[in-house]
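>>> only geometry, no sequence info:
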Ligand code: GTP
Ligand code: SPV
Ligand code: MN
């Protein structure tokens, strides 16, 4: 039974059913009964079925499920991800492009009859609180119960989304089939001009939870440019100060570079004693729109966290771990067979003796077989309801969103980039965002630890031409005027000569947030340098970590090495010229002007 009378939805679903030819179509209403039924079905599949999900220990992890994906299907696949706009310039130099008609023609035969003998699930969902005017509706068609159960955690899923949509045609059409999970035929394709996403031959995370990177970033960034708002790869957090005032901050770091951790941080002892509190609004994606008062407001379009498991423990991120203790889904972590619970590198120092590796092989106390000798895949993930998070913001469901005081960029940089600096103004801040580069991680297929440009942490997610995207940033700044958030850059990953991190990170990042917020409040001074405003050494509070962060360490953390920065600027000029402008990216003149100015500053 269809859950809507929306003619646009019904027509499109009919067409996709005619194409995919499922035996059965099930409309997902979001009810617990239906979810229970699907869970029963997917956990009853025979062992060895690639679609099977497993119940975990229901006393220790109530409502929690476990799933393994194919070994060739464990991360986003950027080389198989396309932006199909009418012109190649529309997609720009940071995206793979193919003509939409050509791509439809290529993929249509692959979807033809792909769901024979299977069920198609029709998933209506709202990105953002149903009542928010910033929110948008999507509908995902999929042959995967794993996707349905993930979408239930990650979005506001069910009939309410259709009620929000009414008769409108403004919904994103998402089609997913796991097909044969054949990596050679895997395609993750966005058609921004058609509000359409087609994904095939994957069953993993960002490739199939189409609400997330495909819609909420690639399609939404394109919508935002046309409609006057922004979709960004940003966490959103609130810092409540002892006087009760809460300041909201957004931060964009590339995949697996610390967004979830920062969003849920527990402040150091001294801050807790003084009455500081941190609240999580979002850990991965922010939709930002000017409010009636002229300030920039943010909502988290998601309803849960699809977080990196390895490294998550009670000390590094207590709140994330607590979020996974009920009604969560674990993907590609290891199993502790002794009590049917989960384990990953960095959870604790005691890997279970009797474990199942993420690949499904039982160790039986023998040597592990998985590549890199890891029990859990480095990009293994938990899917956890936001409502489970002990520090979830009281504003999480706010229709208006939260007003943003600061935007923070960052990445993994072993050298050059100081712990924190503030841009001179919004235009310079946009330049700083365009200059984000970071060592690659396991979140995407390919080599790990290679420095690459990742502008605004959005390189894999900008749904149109990066030059136009930067121009849109500048336009937004102009519109916001003196109410625009201040823009900063941070680096938690600077290393000493021996390759050790100089900064303790995690909860101690509060000390940097503190400086950022004081800069927004205008209550702390800064040193003007060639690259931006840097903290005076005494203004980063190190009470309690003086042994680790000595004045000498702080000098290193805040150093602006002129030679390294001259090389950085030269590389940026090469990047702008060769990688962007020469390949069809129209770089705003204002950004070149910033480049010239910083270069001149360094040569002074
Ligand atoms: P996506 O979900 O892929 O977008 O990633 P994310 O940006 O949310 O990254 P996450 O917070 O999950 O962190 C990924 C990895 O970075 C984990 O292994 C953390 O241990 C590590 N990490 C996070 N914060 C810090 C920090 O402050 N210092 C150091 N050294 N490592 C950190
Ligand atoms: C990321 O890679 O930035 C993620 C995980 O947040 S995924 O949803 O797979 O994109
Ligand atoms: Mn992400």
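Noted; the coordinates are in hand. Note that the structure is predicted; figures quoted are calculated from it, not measured. Ligands and ions are numbered 1, 2, ... in the order given.
>>> CA atoms for contacts and neighbours, from now on please.
Noted.
>>> low-confidence bits of the protein, can you list those?
The chain contains residues with pLDDT under 70 at 371.
>>> make it 80
Low-confidence segments of the chain (pLDDT under 80): 1, 364-372.
>>> got the domain ranges for it?
As assigned by automatic domain parsing, the chain contains the domains 7-48+75-228, 232-303+394-560, 305-388.
>>> so which of the ones you listed is nearest ligand 1?
Closest approach to ligand 1 among the domains of the chain (CA to the nearest ligand atom): domain 232-303+394-560, 3.1 Å.
>>> now the closest one, how far from the centre of its chain.
From the chain centre to the centre of domain 232-303+394-560 is a distance of 14 Å (CA atoms, centre = their mean, to the nearest Å).
>>> is it anywhere near ligand 1?
Yes - counting by CA under 6 Å from any ligand atom, ligand 1 has neighbours in domain 232-303+394-560: 253-261, 284, 443, 492-493, 505-506.
>>> burial check on the nearest residue to residue 276 once chain neighbours are set aside, number of neighbours?
Using CA to CA, 6 or more residues apart in numbering and skipping residues adjacent in sequence, the residue nearest residue 276 is residue 241, 4.9 Å away. Residue 241 is flanked by 17 other residues according to other CA atoms under 10 Å.
>>> residue contacts, residue 241?
247, 275, 276, 277 (CA atoms under 8 Å, 6 or more residues apart in numbering).
>>> got the residues of this protein near ligand 2?
Proximity of the chain to ligand 2, by CA under 6 Å from any ligand atom, involves residues 75, 76, 205, 206, 213, 255, 443.
>>> I figured the first one hits residue 442, correct?
Yes - the pair formed by residue 75 and residue 442 meets the contact definition of CA atoms under 8 Å, at 7.3 Å.
>>> looking at these two, which is more packed in?
A direct count of neighbours by other CA under 10 Å for residue 75 and residue 442 places residue 75 higher, at 23 against 19.
>>> secondary structure element for the closest residue to ligand 2 within the chain?
Going by CA to the nearest ligand atom, ligand 2 is nearest to residue 206 of the chain, at 3.2 Å. Here residue 206, judged by DSSP states H and E, is contained in helix 205-208.
>>> please state the offset of that helix from the chain centre?
Centroid displacement of helix 205-208 relative to its chain, using CA atoms, centre = their mean, is 12 Å.
>>> repeat for stretch 160-172
The chain centre lies 25 Å from the centre of stretch 160-172; the measure is CA atoms, centre = their mean.
>>> hmm, the helix holding residue 206 in reach of ligand 1?
No - using CA under 6 Å from any ligand atom, helix 205-208 stays clear of ligand 1, with a minimum separation of 9.5 Å.
>>> list the buried ones in that helix?
Within helix 205-208, the residues that count as buried by 16 or more other CA atoms under 10 Å are 205, 206, 207, 208.
>>> which helices and strands does that helix pack with?
Helices and strands touching helix 205-208, as assessed by 3 or more CA pairs under 8 Å, 6 or more residues apart in numbering; DSSP states H and E, are absent.
>>> list the buried residues in the following helix or strand past that helix.
As assigned by DSSP H and E, the chain's next helix or strand after helix 205-208 is helix 220-227. Using 16+ other CA under 10 Å as the test for burial, helix 220-227 gives 220, 221, 222, 223, 224, 225.
>>> quick one on the thing from earlier: got a list of what the residue of the chain closest to ligand 2 touches?
75, 76, 212, 213, 214.
>>> do that again at 10 Å, thanks
Contact analysis of residue 206 by CA atoms under 10 Å, 6 or more residues apart in numbering lists 74, 75, 76, 77, 188, 212, 213, 214, 306, 443, 444.
>>> now, the residues you listed that are in strands?
Of the contacts of residue 206, the ones assigned to strands by DSSP state E are 188, 306.
>>> now for the contacts of residue 206: which two are most distant?
Within these, 188 and 306 form the most distant pair, 18.5 Å apart (CA to CA).
>>> okay, helices next: where are they in the stretch 451-600 of the chain?
Ranges of helices within the stretch 451-600 of the chain are 466-480, 510-521, 551-557, 562-574, 589-603, based on DSSP state H, counting those that start in this stretch.
>>> reformat those as a markdown table; add distance to residue 98 and mean neighbour count.
Putting the helices of the stretch 451-600 of the chain into a markdown table (distance: least, CA to CA, whole Å; neighbours: other CA atoms under 10 Å) gives the following:
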| stretch | distance to residue 98 | mean neighbour count |
| --- | --- | --- |
| helix 466-480 | 17 | 20 |
| helix 510-521 | 42 | 19 |
| helix 551-557 | 44 | 17 |
| helix 562-574 | 26 | 15 |
| helix 589-603 | 28 | 16 |
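>>> and of those, who's closest to residue 313?
Among the helices of the stretch 451-600 of the chain, helix 510-521 comes nearest to residue 313, with 18.2 Å by CA to CA.
>>> packing partners of the closest one?
For helix 510-521, the elements it packs on are strand 234-240, strand 246-252, helix 269-274, strand 402-410, strand 420-422, strand 486-490, judged by 3 or more CA pairs under 10 Å, 6 or more residues apart in numbering; DSSP states H and E.
>>> just put the ones you listed in JSON lines and tack on mean neighbour count.
JSON lines is the format used below for those (neighbours: other CA atoms under 10 Å):
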{"stretch": "strand 234-240", "mean neighbour count": "26"}
{"stretch": "strand 246-252", "mean neighbour count": "25"}
{"stretch": "helix 269-274", "mean neighbour count": "13"}
{"stretch": "strand 402-410", "mean neighbour count": "25"}
{"stretch": "strand 420-422", "mean neighbour count": "26"}
{"stretch": "strand 486-490", "mean neighbour count": "25"}
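>>> mind checking which of the residues of domain 232-303+394-560 next to ligand 1 are buried?
Neighbour counting by 16+ other CA under 10 Å classes 253-261, 284, 443, 492-493, 505-506 among those as buried.
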